[in-house]
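Asks: Mind folding the following:
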Amino acid sequence: MSGGGSTYQTCLASVGSDSNDLLECIAGALDTSINTAAENVTNSVNTFFLIFAATLVFFMQTGFAMICAGCVRINNVQNTLLKNLLDACGASIGFYTVGYAFAFGGTSSQTTFIGNTNFFLMDVENKAFWLFQFAFAATSATIVAGTLAERCQMTAYLCYSVALSAFVYPVVVHSVWSNSGFLSASNANPLWGIGMIDFAGSCVVHVTGGMTALIATNILGPRTGRFHDIRGNLLEKPKPMPGHSVALQMLGNDNYEVVSHVAINTTLAAASGAVMALLIDTIVQEHNTGEVTFNLSYAMNGCLAGLVSITAGCAVVQSWAALIIGAIGAALFLGTSKLLVKRCVDDAVDAVPVHLSSGIWGSLSVGFLADPTWVSKVIGILFVVGWVTVTMTPFFWLLHYFGFLRADSLEEVVGLDVGYTGGALHKRLHGKDSDEDKDYSAYLDEYVHRRKERAFLKNASGHIPASSVHSPSLHGHSYHGRRVITPAMKEAAMGSSSDRGSALSNSSGHVKAPGSDREDWTDNEKAVMDSSRNSGVPSLSSVKEENV
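Replies: Reported below is the predicted structural model:
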């Protein structure tokens, strides 16, 4: 009533008491008020929808965390979960400072390679849009988490998360999703008149993350013992390293598309992917072994491959096409997974087959089944693959060169939970007095003794005689991947090959893991160590399972 009275008084003072003019004035004022209220409601609904959608996309972080935690061994679970947390932290910092500006900054009047405004969210009006895009940036970064599981340093992980979300990924986003990107379908002059359609990130998110994972795992090398034995010889068959919980892997298999046609296509693609992966693997296993087996992990990853494949075209393809896209994506996942194992590329969670192979197929599928202009999709894929390769290869190589990429070899064997998160040492029992248990116990003893040596050196001399856990002056040479042990160590080990366990022990009975010879220490350091063995550093025979 007060509003009506105010409008009436305003109009009365404006047009006088003439009834027609007065009614027109009041009607116009009411129309303006209603339009303003409707616009406010629309903005509120749009903001809520963006925040809600961002929450759904960001919830994939928990899914990836569960997958990674379930795929790793029990002595690496805490470390893996912490790295997944750092993904979100590093991505938020990188995308807030410069990432969003590189992705969406600038005007849409001309085509640009990278954005140049809105750094630190300055002059950004729609903060909900930033939150939505940040969730995708974090998703792209966390794809790499599982691939590098059980062997990557924490420092390197945080560095790559920031670099990917602050620079590498935003350039891809700018090219495909920004109005001024040269591949964008919303560009004023799109490539070939239509640009590249990538509705939810088959290429932008998944190919970027999958290609980064492939580069990183090639430079990092496989997990110790995955493809080579302790003396560096190639195993006849790759050693399986199953995760400790398939249930956790299933908890990580989530779906984030929510709107009608998109939701239907996404669900159908996921379903066909799971069935196709399970069917193909069952047929292959029956052909090779004569037994019919059903692999839950393959079914789960086939489902994920279907989801990744459909993200590019879920809004523009028909439902029957979604079934085909998901099934082909699952088949490509299986083929790529087998190929990586054959090439001795260690991917702990099959992130490269799921995201890179299926992401490339998903981008191409739009051209085959929805938009006939598939050439722009090929150019977009080549651009993303080339850009990620050019930027991330030297990045990971430099981390590797300066010793910040690979975790210490002995910590890798006993589990990164101990070295990075202060977890307990776990006994992995495979059978009573099994050779694997004996070897693992020997490494546990060596690790405990080394920690105590380092603590004694710190107390005795005030410093540890190495700036990095990778320095050969403290821990010997790394035996990661194909560089397992030095020629001298191999010759010594072969000389005592009659006893399988003798390569792990020295003449005094102390455990000696490969790479732990200390002949290159300085005289002063040797004197300190001789003193430590006579002044309170416990013998290894007294070491039990404990927190260290």
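Asks: so Ser297 touches Val246, yeah?
Replies: Yes - counting by C-beta atoms under 8 Å, Ser297 does reach Val246; the two are 6.5 Å apart. The way it works is simple: take the backbone N, C-alpha and C, and place the C-beta from them, glycine included.
Asks: Which one of these two is surrounded by more residues?
Replies: More crowded of Ser297 and Val246, by other C-beta atoms under 10 Å: Ser297, with 18 against 15.
Asks: Which helix or strand contains that one?
Replies: helix 296-310 (DSSP states H and E).
Asks: tell me what that helix is packed against?
Replies: Here helix 296-310 touches helix 246-251, helix 260-289, helix 319-342, helix 358-369, going by 3 or more C-beta pairs under 8 Å, 6 or more residues apart in numbering; DSSP states H and E.
Asks: try 6 Å
Replies: helix 260-289, helix 319-342, helix 358-369 (3 or more C-beta pairs under 6 Å, 6 or more residues apart in numbering; DSSP states H and E).
Asks: which of the ones you listed is buried the deepest?
Replies: Stretch with highest mean neighbour count among these: helix 358-369 (a mean of 26; mean count of other C-beta atoms under 10 Å).
Asks: could you give the angle of that one to helix 296-310?
Replies: Between helix 358-369 and helix 296-310, the angle comes out at 50 degrees (axes from the mean of the first three to the mean of the last three C-alpha atoms, to 10 degrees).
Asks: For helix 358-369, name the packing helices and strands.
Replies: helix 296-310, helix 319-342, helix 375-401.
Asks: Any chance of JSON lines for those helices, columns distance to Ile93 and mean pLDDT?
Replies: Shown next, in JSON lines, are these (distance: least, C-beta to C-beta, whole Å; pLDDT from 0 to 100):
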{"stretch": "helix 296-310", "distance to Ile93": "26", "mean pLDDT": "93"}
{"stretch": "helix 319-342", "distance to Ile93": "32", "mean pLDDT": "95"}
{"stretch": "helix 375-401", "distance to Ile93": "17", "mean pLDDT": "93"}
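Asks: contacts for stretch 385-399?
Replies: Residues outside stretch 385-399 that contact it (C-beta atoms under 6 Å, 6 or more residues apart in numbering): 156, 163, 168, 208, 211-212, 215-216, 219, 405.
Asks: quick revisit: which one of the helices and strands packed on helix 358-369 lies closest to Leu191?
Replies: When these are ranked by distance to Leu191, counting by C-beta to C-beta, first place goes to helix 375-401 at 4.9 Å.
Asks: Next SSE downstream of that closest one?
Replies: Next along from helix 375-401, by DSSP H and E: helix 409-414.
Asks: which helices and strands sit right next to the helix or strand immediately after that following helix in the chain?
Replies: Where DSSP H and E defines the elements, the next helix or strand beyond helix 409-414 is helix 416-421. In terms of contacts (3+ C-beta pairs under 6 Å, 6+ apart), helix 416-421 is packed against helix 77-94.
Asks: Now the helix or strand hosting Ala101: buried residues?
Replies: Using DSSP H and E, Ala101 maps to helix 100-104. Using 16 or more other C-beta atoms under 10 Å as the test for burial, helix 100-104 gives 100-104.
Asks: Touching it from outside, list them.
Replies: For helix 100-104, using C-beta under 6 Å, 6+ apart, the contacting residues are 114-115, 118-119, 130, 170, 173-174, 178.
Asks: helices and strands of the protein: which one has the lowest mean pLDDT?
Replies: Among the helical and strand segments of the chain, the one scoring lowest on mean pLDDT, DSSP states H and E is helix 472-475, with a mean of 34.
Asks: rewinding a little: now the helix holding Ala101, how far from the centre of its chain.
Replies: 21 Å (C-alpha atoms, centre = their mean, to the nearest Å).
Asks: send the alpha carbons of that helix over as CSV?
Replies: The C-alpha atoms that make up helix 100-104 are tabulated as CSV, following Å, rounded to 0.1, in the frame of the first residue of the first chain:
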residue,chain,number,x,y,z
TYR,A,100,40.6,-16.6,-14.2
ALA,A,101,42.1,-13.4,-15.7
PHE,A,102,44.0,-15.5,-18.3
ALA,A,103,40.8,-17.6,-19.0
PHE,A,104,38.1,-14.9,-19.2
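Asks: what residue ranges in the stretch 351-500 of the chain score low on pLDDT?
Replies: Within the stretch 351-500 of the chain, the segments meeting pLDDT under 70 span 371-373, 421-438, 461-500.
Asks: at 80 what do you get?
Replies: The model of the stretch 351-500 of the chain has pLDDT under 80 over residues 370-375, 418-445, 447-448, 450-500.
Asks: ok, now the stretch 151-300 of the chain?
Replies: Counting by pLDDT under 80, the stretch 151-300 of the chain shows low-confidence ranges at 188, 190-194, 229-232, 244-261.
Asks: Name the residues that touch stretch 283-297?
Replies: Residues from elsewhere that reach stretch 283-297 (C-beta under 6 Å, 6+ apart): 246, 281-282.
Asks: Just the closest of the residues you listed to Asp445, please.
Replies: Sorting those by how near they are to Asp445, with C-beta to C-beta, puts Val246 at the top with 31.3 Å.
Asks: what's the distance between the closest one and Tyr96?
Replies: 37 Å (C-beta to C-beta, to the nearest Å).
Asks: if we can go back for a sec, relative to Val144, which of the helices and strands packed on helix 296-310 is closest?
Replies: Distance to Val144, taken as C-beta to C-beta, is lowest for helix 358-369 among the helices and strands packed on helix 296-310, at 13.5 Å.
Asks: Alpha carbons only: can I get that closest one in CSV?
Replies: This file holds the C-alpha atoms of helix 358-369, laid out as CSV (Å, rounded to 0.1, in the frame of the first residue of the first chain):
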residue,chain,number,x,y,z
SER,A,358,38.0,-40.9,-23.8
GLY,A,359,38.3,-37.1,-23.8
ILE,A,360,39.7,-37.1,-27.3
TRP,A,361,37.0,-39.4,-28.6
GLY,A,362,34.3,-37.4,-26.8
SER,A,363,35.5,-34.2,-28.6
LEU,A,364,35.6,-36.0,-32.0
SER,A,365,32.2,-37.6,-31.4
VAL,A,366,30.4,-34.3,-31.6
GLY,A,367,31.7,-33.9,-35.2
PHE,A,368,30.6,-37.4,-36.1
LEU,A,369,27.2,-37.5,-34.4
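Asks: Show me how far it is from its chain's centre.
Replies: Distance, stretch centre to chain centre, for helix 358-369: 22 Å (C-alpha atoms, centre = their mean).
Asks: Now do it: everything it contacts.
Replies: By C-beta under 6 Å, 6+ apart, helix 358-369 touches 197, 202-203, 206-207, 210, 305, 308-309, 311-313, 317, 321, 325, 329, 332-333, 374, 377, 381.
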